[in-house]
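Asks: After the sequence you'll find the predicted model.
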Amino acid sequence: MSDSSSSSSSSDPDSDSSTDSEPERRMKRKGKRGLKWTAEQLKNLKMNFSHLAHIDDSILATLDFKDFHSSGQKRDKSGKFLVEKMADNFEKVKNFPLEVSAGKHDLLGEAHEITFARGYVGDSRELWLKARQKWGLNGVPAISNYETVSIGLNGLISSKLWHEIHSPSSKHLSLRLLTNSATRPAWNVTEKTTESKEFESLHELKMAVVAMDQCFKKVMNWNASFAPIAIFLHSIEFGEVELKGQLDRLTFVADFVD
């Protein structure tokens, strides 16, 4: 009698005393009532089918393998269609140049419709060469300060900086023109007495690189030279570790950027 009782108990899933976790045992028991996958199996499925990663286990556990496969095929087909569509759009741009009609563009409130065309997708080096032919070494005359409120840089940029940015061959353009100690006096003193100052923190220096990048986009929208520098400084936190403890680390980084 005791042997029979012991055998019955060991075969009852509700009285299973194995080392499986409680959620695992529940999943196994529910499998008899429509759920097809254990928690461990679902984990492996999500690792192999990325499109399942954000679907709740309670839903996935009721699906067959063919359901996972077909849903993945639908997603792949949709992605392939988008890639092919974009490639087709590129061919249309390449083979049928846009005819630009005469119009006005006053840099202030009236924008020519070409402004809203796609961004340049060709070789940026070629664009640089064309820009140099158009602007020459001295660039175009600087104008009054550009609107910078919308990009969160109002008050950080002085007239002297705009003046130097407008000249591609400027020998006085420096990241230090964006230090707090240089910007504040620049609004109140003449250009001749405005001097570049050193940065007081690495955060201030990084903000200056971002500001310089945005300034160039306002003046020369083909000039993305400061964008990779800004990404470099932020992506690996350059200067936080490599130059830690060095008193002149801000000078070193500013010289590197210049």
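Replies: Ah, there it is. Numbering: from 1, shown residues only.
Asks: which residue ranges form the helices in the stretch 51-200 of the chain?
Replies: With DSSP state H, counting those that start in this stretch as the definition, the stretch 51-200 of the chain shows helices at residue ranges 57-60, 65-95, 124-135, 159-165, 180-186.
Asks: For S225, find the nearest of these.
Replies: Among the helices of the stretch 51-200 of the chain, helix 124-135 comes nearest to S225, with 9.4 Å by CB to CB. To be clear about C-beta, it is placed using only N, CA and C from the backbone, and glycine gets the same treatment.
Asks: Could you list the low-pLDDT ranges of the stretch 51-200 of the chain?
Replies: 51, 54, 65-66, 68-79, 184-196 (pLDDT under 70).
Asks: before we move on, the earlier item: CSV please, covering the helices of the stretch 51-200 of the chain and showing distance to I231 and mean neighbour count.
Replies: Below are the helices of the stretch 51-200 of the chain laid out as CSV (distance: least, CB to CB, whole Å; neighbours: other CB atoms under 10 Å):
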stretch, distance to I231, mean neighbour count
helix 57-60, 38, 14
helix 65-95, 24, 11
helix 124-135, 16, 12
helix 159-165, 20, 20
helix 180-186, 23, 17
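Asks: looking at the ones you listed, which is closest to F226?
Replies: Shortest distance between F226 and the helices of the stretch 51-200 of the chain, using CB to CB, is found for helix 159-165: 10.5 Å.
Asks: The chain - how does it break down into domains?
Replies: With domains defined by automatic domain parsing, the chain comprises 16-99, 124-257.
Asks: Pick the most buried one from those domains.
Replies: Most buried of the domains of the chain, by mean neighbour count (mean count of other CB atoms under 10 Å): domain 124-257, with a mean of 15.
Asks: Between its first and last residues, how far does it reach?
Replies: Domain 124-257 has an end-to-end distance of 21 Å (CA to CA, to the nearest Å).
Asks: That'll do, ta.
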